[in-house]
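> Mind folding the following:
(3 chains)
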Amino acid sequence: MVVQSPKCVQESSISNGEVSLRTESEFQKRVSPRLKEKQRVEKELLVRRRVELLDDNEEVVASAVGGGGGGGGGSEEKSSEKKKKTYKRRCIGGNVNQEEEKKKVNGEVAKTAEDSEAGNGAVKGVVAEKSDIAKVKETIRLFNKYYLLLVQEEEKRCRKVEADKKASKVSKSKKKESKATKGSKSKKMVVPVLPEDTKSKAKRPDLKAISKMMENGEILYPEKRIGNIPGIRVGHQFYSRAEMVAVGFHSHWLNGIDYMGQSYSKLEEHKDKTFPLAVAIVLSGMYEDDLDNAEDVLYTGQGGHDLTGNKRQIQDQKMERGNLALKNCVEQKIAVRVIRGHESKSSYCGKVYTYDGLYQVVHYWAEKGISGYTIFKYRLRRQDGQPLLTTNQVQFSYGRVPQSVSEIRGLVCEDITGGQEDIPIPATNLVDDPPVAPTGYKYCKSIQVAKNVKLPTNVTGCNCNGKCVDPRTCACARLNGSDFPYVSRDGGRLIEAKDVVFECGPNCGCGPDCLNRTSQRGLKYRLEVFRTPKKGWAVRSWDFIPSGAPVCEYTGILMQTEDTDSVSENNYIFDIDCLQTMRGLGGRERRFRDVSVPTIISSDRHDDLRSESVPEFCIDAGSTGNIARFINHSCEPNLFVQCVLSSHHDIKLARIMLFAADNIPPLQELTYDYGYALDSVYGPDGKIKQMACYCGAPDCRKRLF
DNA sequence: TTCATTCAGTCGTAT
DNA sequence: ACGACTGAATGAACC
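Purely as a prediction, here's the structure:
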C-alpha cells in the first residue's frame, strides 16, 4: 500500500497489537530480538514483567485494571465456593469461546467452521477459572446493567407522571364536568395516581439494583469476611456505596460501620471470637479532622446523629452496634477494611470510594463532642506491608489531568484531528527520544465509503417529532425490541450491549437531540493519544466515562473485504461481522431474545451472514481513520464494540461504535477486545500466525491471535 | 450552594 | 414476623 516511513510502521503496528498482514521479515526485525527469546524462557514471567514496566506509569491511575496481575495466585482456589453464582454468566469477555465450546458439547449445532475453530483454540490456551479480579469486575458490570435498566424504568415513569400531570391540569375543568357522569372512575384515578404521582422523582435506581441482585443471589460475597476480599486490591475505586454492597465489600449502602453480628458467633470458624466484630468502615470525608494523615485515622462512632437536616449530635452515643463492634476489634486485634470517600468534582459520579487497606483499631475512648453529647472516638493505624496508599496517588493522578495545553507534558501534537472534532485530541510522547508524533495516516472524523460500496438508499425511518419518547409509536424503538437502547442520564448511556442497535437517522422525523441518536454526537470526552513503552500508541481519557457512554466510532474506509487482500501492510482492518462483534462484547451480557431481528433484514440474508466465514465488508483505518485506530487490545477491556445502524438497515454495513463497558476513571487506558479467534490469522506463507498478547489482564489469553 | 426527603437491608429484640 | 437504625443519593429550593 502506501509507502510509510519505517518509524510509522513500527508505531502503528505495535500500537494496534499487530493485526495480521505484516511480512515475516519485518515482524522479526522489529519484535523478535526481545520478544521471542523471552517468550521461550517463560511466557508468564514475561507478561508480568511487561505489565509492571507498562503500568509503572498507569498503576497510579488504573487501580482496577492495571497492576501486577499477580495478586490472584493463592486466592483462586478459595473462590470455588462461589462458582455456581457466576457460572451462568461466563459467556462473556475472554471466555466467550469457551462457552461456545461448551454449547457444542451439549449437542448444539456448531454454527460455522470458524466458530468451532475458535472454540478449540481457546480451550487450549485459556485460564480455566476466572480470576477474583475478573469476578469483581463482572459483578460491578452486572450492577451497572441493572442500574441503567432501572434508570430507564424511572425515566419512563417520570415522563408518564409528567404527562399525566399536564393532562390532569388541562383536563381539570373537564374532570369536574365528567364527575357527575363518571364518579366512580375519577375516584379510581385519584387513588392509585396520588401515591405514585407525588413521589415524582427520587427513586434510587442504585438501591433498586442491589435489591435485584440480592433477590437473584448475585451478590459476589454475601457472607461477611474479616480482612481482605479477593479481587479487591488496595486502591480499588468504587463509584457508589451500592457498588460495594453488590460485591459484598461493605454490606450497607448507608451505614458507616459494617460488622458481623451475633449470628456469626455460631459458626465454627469464629468460635473463639466475641461479637459483634467490625469488618469495614467508610470514611465519608465529612469529618475533615477524622484524617490525621494517611497512615492514621481518627474515626467517630455512630449514633446520636440528627438524621434530618443539620448533621448535629442530638444524643449521647451508646456503646452498642457498630461502636461495640469497633471496640471488640481493639480488644481482639482484628483489622478492618477502610474505605475513604472522596469528593470528585468534574466527574459524573460525584463521589469515589477508595479502598485504602487494612487498619488496626488501636485505641478508643469516649469524649464530649461540640454539642456536649458523648461520642466515641477510634484511633486506627494502617497495617504495615500494604501497597502504598492510593489516596495520594488518586489525588495526584486527578491533579495530573492538564488544565490547559501548556500543562501537557510531552506534547507532540496539539490536536491530531486537525480541528475536525469538537474537542481537540492531543498526542503526547514521553517515551521516545526525540519524541515523535503519530504519523502515516490521515485523520478523518467520519467514515469514507469506497467507490464500489453502495450504502442502501430509500430507507424508512420513524415518524416522530423532535425527540423520540414513545417506544410504541417510534419505528426505530420497535426495531430495538420495542424499547430505546439508551437512557438519557449523563447525555445518553447504552443500557447494555446488543447484537445491533437501531438508531434514528437522516430518514427519521425526529431532530438531532433525539435520545436515539446518542452515538452520532461526536466525541464527548477529552481524549489523549499517548506513547507507551511497549505497546506503541494508546488512548486514554482525561474525563471520567460512565459505563454505557459512547466513546467514539471506528472510522476508516468502508470497503469490501476481498479488496483488502492487496493492501498487505495494513493492520487496521475492522471486519463488520456481527458474530465477531459479539465475541468482542468485553463483558457485556448478550440478550439475544430481546433483539427482534427486524423484517427489513430478510431472513435469507441473515443466513448468509451466519454461513459466511469472512464478512463481506470491513472498515480500513490504515490510511484514514480517527482516534479509534489508536486504541489497543485487551483481554479485559473497558470498552466494548457495538454495531449501530442509523442511516440504513443493512447489518453488513453497520457502523462500529465503542462504548464504555465500565465506569472508567480519568487517565485509565481505553481498550477493547479485538476479538480474534485464535489460530485464525495466517501469514504470507500460509501458516498460522501467532501473536502474544501483553495486555496484562489477570485472565489474559496470552495470545492476541 | 444548601435542604429535605426517601430509600431498604441489617441486626437485635420480641414474639 | 417487626421496628429501630443508618447517612448516601437526589432533585428542589435557594440565593
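> is it fair to say A:Ala366 lies in a strand?
Yes: applying DSSP: H, G, I helix; E, B strand; the rest coil, one finds A:Ala366 inside a strand.
> Could you verify my assumption that it touches A:Phe376?
Yes: here A:Ala366 reaches A:Phe376: they are 5.5 Å apart, a contact under CB atoms under 8 Å. In short, each C-beta sits where N, CA and C put it, glycine included.
> Contacts only, for the nearest residue to A:Ser240 once chain neighbours are set aside.
The shortest distance from A:Ser240 to any residue other than its chain neighbours is 5.5 Å, reached at A:Asp206 (CB to CB, 6 or more residues apart in numbering). Shown in contact with A:Asp206 (CB atoms under 8 Å, 6 or more residues apart in numbering): A:Tyr147, A:Ser240, A:Arg241, A:Ala242, A:Trp253.
> Between those residues, which sits nearest A:Lys445?
Set against A:Lys445, the nearest of those by CB to CB is A:Tyr147 (31.5 Å).
> mind checking how far the closest one is from A:Cys635?
Distance of A:Tyr147 to A:Cys635, given as CB to CB, to the nearest Å: 25 Å.
> what does A:Tyr359 give?
Counting by CB to CB - A:Tyr359 and A:Cys635 are separated by 34 Å.
> which stretch of helix or strand covers A:His363?
Following DSSP states H and E, one finds A:His363 within strand A:351-368.
> What is the burial count for A:Pro512?
As a burial measure, A:Pro512 scores 9 neighbours (other CB atoms under 10 Å).
> if I look at it, how far off is A:Asn255?
45 Å.
> and the strand holding A:His363 with DNA strand B, contact?
No: applying CB under 7 Å from any atom of the strand, one finds strand A:351-368 out of contact with DNA strand B, separated by at least 12.8 Å.
> Now A:Leu358: closest residue in space, sequence neighbours ignored.
A:Ala335 (4.1 Å).
> which residues touch that neighbour?
So A:Ala335 contacts A:Ile226, A:Gly227, A:Cys329, A:Leu358, A:Tyr359, A:Gln360, A:Val361, A:Gln383 (CB under 8 Å, 6+ apart).
> What are the neighbouring residues in contact with A:Asn507?
A:Val459, A:Thr460, A:Gly461, A:Ser647.
> And the furthest pair within the residues you listed?
Checking the contacts of A:Asn507 with CB to CB, the most distant pair is A:Thr460 and A:Ser647, at 11.7 Å.
> more neighbours, these two?
It is A:Ser647, of A:Thr460 and A:Ser647, that has more neighbours when counted by other CB under 10 Å, with 19 against 10.
> Next one: the more buried one from DNA strand B, what distance?
40 Å (CB to the nearest atom of the strand, to the nearest Å).
> what bits of chain A have low per-residue confidence?
For chain A, the stretches with pLDDT under 70 are A:1-129, A:165-202, A:285-293, A:309-311, A:345-349, A:390-400, A:565-569, A:578-614, A:683-684.
> Around DNA strand C, which positions in it sit nearby?
Counting by CB under 7 Å from any atom of the strand, chain A sits next to DNA strand C at A:200-202, A:204-206, A:240-242, A:252-257, A:282, A:284, A:286, A:302-305, A:307, A:311, A:321-322, A:341, A:350-351.
> mind listing which of those are in strands?
If you go by DSSP state E, those have A:Ile257, A:Val282, A:Gly341, A:Lys351 in strands.
> Could you save the residues you listed as a markdown table and add columns showing neighbour count and distance to A:Gln560?
Converted to a markdown table, these look like this (neighbours: other CB atoms under 10 Å; distance: CB to CB, whole Å):
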| residue | neighbour count | distance to A:Gln560 |
| --- | --- | --- |
| A:Ile257 | 23 | 63 |
| A:Val282 | 22 | 56 |
| A:Gly341 | 17 | 53 |
| A:Lys351 | 16 | 49 |
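> If you check the stretch 251-400 of chain A against DNA strand B, which residue is the closest one?
A:Gly261 (2.7 Å; CB to the nearest atom of the strand).
> for the nearest residue to that residue once chain neighbours are set aside, what are its contacts?
In space, and not counting its chain neighbours, A:Gly261 is closest to A:Pro276: 5.4 Å by CB to CB, 6+ apart. Residues counted as contacts of A:Pro276 (CB under 8 Å, 6+ apart) are A:Tyr259, A:Met260, A:Gly261, A:Gln262, A:Arg321, A:Gly322, A:Leu324, A:Ala325, A:Asn328.
> Burial check on the residue in the stretch 501-650 of chain A that DNA strand B sits nearest to, number of neighbours?
For the stretch 501-650 of chain A, the residue closest to DNA strand B is A:Phe544, as judged by CB to the nearest atom of the strand, at 16.9 Å. Around A:Phe544 there are 23 other residues, counting by other CB under 10 Å.
> now A:Gly466
Residues near A:Gly466, counting by other CB under 10 Å: 10.
> same thing with the one 3 residues further on?
Around A:Val469 sit 20 other residues, with neighbours defined as other CB under 10 Å.
> how far away is it from DNA strand B?
Distance of A:Val469 to DNA strand B, given as CB to the nearest atom of the strand: 23 Å.
> Nearest residue to that residue in space, ignoring adjacent ones along the chain?
Here the residue nearest A:Val469, using CB to CB, 6+ apart, is A:Arg159, at 6.2 Å.
> quick one: that neighbour from DNA strand C, how far?
13 Å.
> And A:Glu503, by the same measure?
From A:Glu503 across to DNA strand C, the span is 24 Å (CB to the nearest atom of the strand).
> And that residue, how close does it get to A:Cys464?
For A:Glu503 relative to A:Cys464 (CB to CB), the value is 13 Å.
> now the helices: where do they sit in the stretch 351-500 of chain A?
Here the stretch 351-500 of chain A has its helices, by DSSP state H, counting those that start in this stretch, at A:390-400, A:475-479.
> So the nearest residue to A:Ala134 once chain neighbours are set aside, which state does it fall into?
With CB to CB, 6+ apart as the criterion, A:Ala134 has its nearest non-adjacent residue at 5.1 Å, and that residue is A:Asp699. Following three-state DSSP, the label given to A:Asp699 is coil.
> list the contacts for A:Gly556?
For A:Gly556, the contact set (CB under 8 Å, 6+ apart) comprises A:444, A:447-448, A:572, A:574, A:619-622, A:624-626, A:629.
> now with 6 Å?
A:Gly556 sits next to A:Ile619, A:Asp620, A:Ala621, A:Thr624, A:Gly625 when contact means CB atoms under 6 Å, 6 or more residues apart in numbering.
> Among those, name the buried ones.
A:Ile619, A:Asp620, A:Ala621, A:Thr624, A:Gly625 (16 or more other CB atoms under 10 Å).
> want to try JSON lines for the residues you listed, with secondary structure as columns?
Shown next, in JSON lines, are these (three-state DSSP):
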{"residue": "A:Ile619", "secondary structure": "strand"}
{"residue": "A:Asp620", "secondary structure": "strand"}
{"residue": "A:Ala621", "secondary structure": "coil"}
{"residue": "A:Thr624", "secondary structure": "strand"}
{"residue": "A:Gly625", "secondary structure": "strand"}
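> returning to what we had before: how about the residue nearest to A:Gly261, phi and psi?
phi -70, psi 160 (degrees, to the nearest 10).
> distance of it from A:Ala242?
For A:Pro276, the distance to A:Ala242 - CB to CB - is 23 Å.
> again with A:Ala335
Counting by CB to CB - A:Ala335 and A:Ala242 are separated by 25 Å.
> so where do the strands sit in the stretch 601-705 of chain A?
A:617-620, A:624-625, A:632-633, A:639-645, A:655-660, A:669-672 (DSSP state E, counting those that start in this stretch).
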